[in-house]
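Student: Sequence first, predicted model second:
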Amino acid sequence: MIMAGFFSVVPLATPVSATTTGGECDDNAVVKCGIYSVSDLRAKYTGDVKAVYNYFGITDGMINGTTATIKNGTVNRNGDVILDGKVIATGAITAGRHDITGSTKFTAGGSTFYQRPSTVSFISREVFEAYIMVDSNGQFMGAVLKPCGNPVKATPVVVKKPAAVCTSVTVDKISRTDYRFTAKATISDGATISGYSFRVGSAAFYEVKTLTSTATSATSPVFTLNNPGTYTVVATVKTSVGDKSGADCTGKFTVEKAPEVPVVTPTKVEVCNPANGQTITVDEKDASKYKPVGDVACQPKVESAKDEKPQVIASTGPAEVLGGVAGLGSLTAAGYYLRASRQRVFDAFKK
């Protein structure tokens, strides 16, 4: 009788594969002659086989693939469960139908079974091929040894799933209209960052600016927001596990109105316009272009009488030329000469 793996009989010199030899067809095997494929595993999941599998935590959902993915792997004598070259569980415990030293008896489905560490049960070889069942994160759930159908339970190695989170966004005011925004993120377990995007605007308009960066903190280009109002900024981190944003990376800020410039009424002053001698009103800042009121340049001008012909006043006595010439500068001067002339005529008659 060929006794492999779980029984204290003559060990095999070389490993036996269920797919090449038809498995181990002895009384220790939970599934006599082993399991040939996943469909074979599902077909033989019945009776006390199902009972012992359930006892080891292998459920209907795991077998039919609704709660687990079944993959090809190995279980080592040292208790390691290997999948894709990585240890995904340790401390493997197996079950069989025969009692050997170091085993613990239990009953499942009305049948008696014995469980023991792989260090006890793996007598004939170091490694057994197995169907490994893992969850969506690749974490170990259970296994079945291919040559004999014996179930395996073990302690899962926690599979750390890559993760990334956008943790904050802050607003940096450069001026009334210019702003920059800084986003921060955390990554773990192999996640990477490739860039950031910043979406800024109001309900009616949004502007998006992006930048390439592998850092866990990045500052946006300058956003110029000319219109007063309340704006929203949304930062998004682009990562190997998807774009990450959220409430922690959303903020609001307000662009204030431009300050009002006071209206200044210019001071008015009166000045003299030397061009025409008139008094006018101008802005105080323009007063230097004119003359002060009362300046000599703006006094009334007396016109010269040098171009006027002297007038002769007729008389009944000796003729005498009127000494005054009309228009010598003023009406007063003309009157003076007229009176003098008449006086002389009057004096002549008296003689």
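Tutor: Good, I have the coordinates. Residues are numbered from 1 along each chain as shown.
Student: per-residue pLDDT, the nearest residue to residue 245 once chain neighbours are set aside?
Tutor: With sequence-adjacent residues excluded and distances taken as C-beta to C-beta, 6 or more residues apart in numbering, residue 245 is closest to residue 236, at 4.3 Å. No exception for glycine: its C-beta is placed from N, CA and C like everyone else's. For residue 236, the model assigns a pLDDT of 97.
Student: Repeat that for residue 231.
Tutor: At residue 231, pLDDT is 96.
Student: what about it, how many residues close to it?
Tutor: 21 (other C-beta atoms under 10 Å).
Student: name the element it belongs to?
Tutor: strand 229-239 (DSSP states H and E).
Student: Now do that strand: distance to the chain's middle.
Tutor: Counting by C-alpha atoms, centre = their mean, to the nearest Å, strand 229-239 is centred 4 Å from the centre of its parent chain.
Student: Convert it to CSV, retaining C-alpha atoms only.
Tutor: Below are the C-alpha coordinates for strand 229-239, written out as CSV (Å, rounded to 0.1, in the frame of the first residue of the first chain):
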residue,chain,number,x,y,z
GLY,A,229,-17.9,85.9,-4.4
THR,A,230,-17.6,82.6,-2.6
TYR,A,231,-15.6,79.9,-4.4
THR,A,232,-15.0,76.1,-3.9
VAL,A,233,-11.7,74.3,-4.3
VAL,A,234,-11.6,70.5,-4.8
ALA,A,235,-8.2,68.8,-4.7
THR,A,236,-7.9,65.3,-6.3
VAL,A,237,-4.8,63.0,-5.9
LYS,A,238,-4.1,60.8,-8.9
THR,A,239,-2.8,57.4,-7.6
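Student: Sheet partners, orientation included, of that strand?
Tutor: Strand 229-239 sits in its sheet next to strand 193-201 (antiparallel), strand 242-244 (antiparallel), strand 250-255 (antiparallel), going by DSSP bridges.
Student: List the buried residues of the second one.
Tutor: Applying a neighbour-count criterion of 16 or more other C-beta atoms under 10 Å, one finds residue 244 buried in strand 242-244.
Student: Just the mean pLDDT for that strand, thanks.
Tutor: 97.
Student: going forward can the numbers begin at 56, since that is how I track them
Tutor: Right, with 56 as the first residue, what we last looked at is strand 297-299.
Student: Tell me, how many residues neighbour residue 304?
Tutor: 23.
Student: hmm, I was thinking of residue 171
Tutor: 19.
Student: which residues does it bridge with?
Tutor: residue 149.
Student: so it touches residue 161, yeah?
Tutor: No: in this structure, residue 171 is not within contact of residue 161 by C-beta atoms under 8 Å, at 11.1 Å.
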